[in-house]
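**Student:** Compute the structure for the input listed below.
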Amino acid sequence: MDSQHRPSPDSEQQTTSRKHRRGIGGIGWAIIGAVFFGSLLAIGILPRLSQKSELQAAVKEASTVPSVNVIAPRRATGATKLELPGSVVAQNQTTIYARSTGYLRRWYADIGDRVRAGQLLAEIDSPDTDQQVLQAKAEVVQAQANVSQTRANLAKSVSDLKQARANLLIARQSWERWQVLVKQGAVPQQDADTKYATYQANLASVEAAQNTINSDSANIKAAQANAYASQANFQRNTVLQSYKKVTAPFAGVITARNVNTGVLISAGNGNTSSSTSNTNTSNSSLYTIAAYDNLKVNVSVPQSLSQSLQTGQTAQITVKELPQRVFTGKVVRTSNAIDPTTRTLLTQLEVHNSDATLRPGMYANVRFAINRTNPPFVVPDSALVVNAGGTQVATVTKDHTVHYQKVAVGRDYGTEVEITSGLTGNESLIATPTVDETEGLRVQPVAEKK
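**Tutor:** Numbers count the residues shown, from 1 in each chain. Predicted structure coming up:
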């Protein structure tokens, strides 16, 4: 029985061989499985590792390149309102000076009084001028009497000339008759010579009378010239005497009075007493008068908008003290020249002021409605950089580098400003540049959210 169940040597070898093959097959399958799973892991992990590496590189790069908010300049509207400060001045204003020397007898107008043209403002007591007028008048009378005397002398000379010519005619005829008698032997030659001498004497008398007439004619011209000079001097002094009465040159309002009764006034320059002081002050003016019916408003318009204003254009004028009133002004003239100091154009508007509501010297706001054919760009004021290089904006170029562009600034709206030159409209501007954004710095632009 034991011999039946004991395996044979051959069967044992086969069994051992099968076991060996089974062992080898398990190891192979294990190796194949390991390689397979390793490949799967490699396929899944390597891209992730690559992405992680790229992400880390991007994060590193992002950490070294700063990000900046950028904006684009926008074009301003064509129609805009321009509000500028203005100064109200009188259409016609003048200072009145004395033309006559003397003491102020009386004044009739004070500050704030409305006066008409030719109205008496003050009187000056000038005895010297009165005496000069009397003297000039006497000289005129004397000169006229001299003219009359020379004319009488001329008339007498003419009469003498006529008499001398008549005597000459008689003497000549007598001499001629005596010559005939001498030839006939009726009279001696001596008597004929006497008649000839008488003739020569009358001839000399005629010449003397003619010379007297010529002299009297010259005297008349001189006397008439002297009379004209005396008359002119009299008229001059009469005009100076009329200056004793100071009158208003035009209708208006007295804005200053610099005289008091009894003060010594000098023509053109002298000491007058101020109406607000008890002491004498060196002031040659008597009054200041201004016309209020029409006023002018002077406005300085920036150079960038000077071409937008035209003569005849209207504007609204307001003053702080009259909030309910809006006055209409019309541009009447400009200086046609830009002030090199302020770069502005002096513009003058005319305003009707029949009720005298506006007063010279007032500060006014002038509002123009302007249509611009080429409106400028508008950027936030935070985008501007002002340094030694002037006014600039920081732009981001296509290769993401910082470049500072010089610009010219126009109107300032508070939070925004106009850029009149230096931009094309296609730039990317750094919204708020800092000292860290230097020229040529590489940055990462980020569009600012509106």
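
**Student:** helices or strands up against the helix or strand hosting residue 154?
**Tutor:** Using DSSP states H and E, residue 154 falls within helix 127-184. Packing partners of helix 127-184 (3 or more Cβ pairs under 8 Å, 6 or more residues apart in numbering; DSSP states H and E): strand 102-107, helix 189-242. Quick note: C-beta positions are derived from backbone N, CA and C, even for glycine.

**Student:** Select, out of these, the one closest to residue 149.
**Tutor:** When the helices and strands packed on helix 127-184 are compared by Cβ to Cβ, helix 189-242 sits nearest residue 149, at 7.7 Å.

**Student:** Off-centre distance for stretch 155-167?
**Tutor:** 77 Å (Cα atoms, centre = their mean, to the nearest Å).

**Student:** tell me which residues of that stretch are tucked away?
**Tutor:** 157, 160, 161, 164, 167 (16 or more other Cβ atoms under 10 Å).

**Student:** now stretch 354-372
**Tutor:** Applying 16+ other Cβ under 10 Å to stretch 354-372 flags 358, 359, 360, 362, 364, 365, 366, 368, 370, 372 as buried.

**Student:** Please apply the same query to stretch 180-195.
**Tutor:** By neighbour count on 16+ other Cβ under 10 Å, the buried set for stretch 180-195 is 182, 187, 192, 195.

**Student:** ok, those vs residue 438, which is closest?
**Tutor:** For the buried residues of stretch 180-195, the nearest to residue 438 is residue 195 (133.6 Å; Cβ to Cβ).

**Student:** from what I can see that closest one touches residue 174, true?
**Tutor:** Yes - Residue 195 is within contact range of residue 174, at 4.9 Å (criterion: Cβ atoms under 8 Å).

**Student:** tally of neighbours for residue 171?
**Tutor:** Other residues within reach of residue 171, judged by other Cβ atoms under 10 Å, total 20.

**Student:** In TSV: the helices and strands packed on helix 127-184, plus mean pLDDT.
**Tutor:** Below are those laid out as TSV (pLDDT from 0 to 100):
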stretch	mean pLDDT
strand 102-107	90
helix 189-242	84
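
**Student:** closest to residue 424 out of these?
**Tutor:** Taking these one by one with Cβ to Cβ, strand 102-107 is closest: 68.7 Å.

**Student:** Name every strand pairing with that closest one and say which way it goes.
**Tutor:** strand 120-125 (antiparallel), strand 264-265 (antiparallel) (DSSP bridges).

**Student:** Nearest to residue 253 among those would be which one?
**Tutor:** That would be strand 120-125 among the strands paired with strand 102-107, by Cβ to Cβ, at 12.4 Å.

**Student:** same question for the closest one, mean pLDDT?
**Tutor:** Averaging pLDDT along strand 120-125 yields 92.

**Student:** Not counting its own residues, what contacts it?
**Tutor:** Residues outside strand 120-125 that contact it (Cβ atoms under 8 Å, 6 or more residues apart in numbering) are 96, 98, 100-109, 115, 243-248, 254, 259, 265, 286-287.

**Student:** so how far is residue 324 from residue 81?
**Tutor:** Per Cβ to Cβ, to the nearest Å, residue 81 is found 20 Å from residue 324.

**Student:** ok, those two, which is more surrounded?
**Tutor:** residue 81 (9 against 5).

**Student:** which ones are touching that one?
**Tutor:** Taking Cβ under 8 Å, 6+ apart as the contact definition, residue 81 lies against 367, 368, 369, 370.

**Student:** switch the cut-off to 7 Å
**Tutor:** Contacts of residue 81 were listed using Cβ atoms under 7 Å, 6 or more residues apart in numbering, and they are 367, 368, 369.

**Student:** Bridge partners for the second one, pull those for me.
**Tutor:** Listed beta-bridge partners, residue 368: residue 82 (assigned using DSSP bridges).

**Student:** from what I can see it touches residue 314, true?
**Tutor:** No - using Cβ atoms under 7 Å, residue 368 is not in contact with residue 314, being 8.6 Å away.

**Student:** So what's the residue count around the nearest residue to residue 390 once chain neighbours are set aside?
**Tutor:** Nearest residue to residue 390 in three dimensions, chain neighbours excluded: residue 406, at 5.4 Å (Cβ to Cβ, 6 or more residues apart in numbering). By the criterion of other Cβ under 10 Å, residue 406 has 12 neighbours.
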